[in-house]
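> After the sequence you'll find the predicted model.
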Amino acid sequence: TSVDGLLAGASERVTDRFAGSAKELVTGQPEEAATGLYGIIGYEEAYLRERMAAGTAAIVAEAEALGDPEVLENLRYILDAPAGSSNAQFHNGWRRDRAQ
């Protein structure tokens, strides 16, 4: 089943600016779109593929190089702690992993 096939039924039922074929979806500037994702984010494809191949180790190395204690604490929580085990509270009063 193609994406267009899946969207066909929805576009027949819904007549707003969000309905239509996936081929019709256009966002951003044509010049940026022509460079692809790698051009938009400013890194060569080979570099990013090398980083992706390193997996989680690349994420850890990047966070450690940044040296921000909050980033490191969040990373440790994501990688090592059970979901919902943190009592961290954010500026808006919300706690991590909880809606409030």
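Ah, there it is. Residues are numbered from 1 along each chain as shown.

> contacts, neighbours, all on C-alpha from now
Will do.

> Could you look up the next helix or strand downstream of the helix or strand of the chain with the lowest mean pLDDT?
None of the helices or strands of the chain scores lower by mean pLDDT, DSSP states H and E than helix 3-13, at a mean of 50. Next helix or strand after helix 3-13 toward the C-terminus (DSSP states H and E): helix 30-41.

> and the helix or strand just after that next one, which residues are buried?
Next in sequence after helix 30-41, counting helices and strands by DSSP H and E, comes helix 45-53. Neighbour counts over helix 45-53 (16 or more other Cα atoms under 10 Å) mark no residue as buried.

> Contacts made by helix 45-53 with the rest, please.
38, 58 (Cα atoms under 8 Å, 6 or more residues apart in numbering).

> Output it as PDB, nothing but the C-alphas.
Provided in PDB are the C-alpha atoms of helix 45-53 (Å, rounded to 0.1, in the frame of the first residue of the first chain):
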ATOM      1  CA  GLU A  45      26.600  12.900   4.900                       C
ATOM      2  CA  ALA A  46      29.800  10.800   5.500                       C
ATOM      3  CA  TYR A  47      30.400  12.500   8.900                       C
ATOM      4  CA  LEU A  48      26.900  12.000  10.100                       C
ATOM      5  CA  ARG A  49      26.800   8.400   9.000                       C
ATOM      6  CA  GLU A  50      30.000   7.800  10.900                       C
ATOM      7  CA  ARG A  51      28.500   9.300  14.000                       C
ATOM      8  CA  MET A  52      25.300   7.300  13.600                       C
ATOM      9  CA  ALA A  53      27.300   4.100  13.300                       C
END
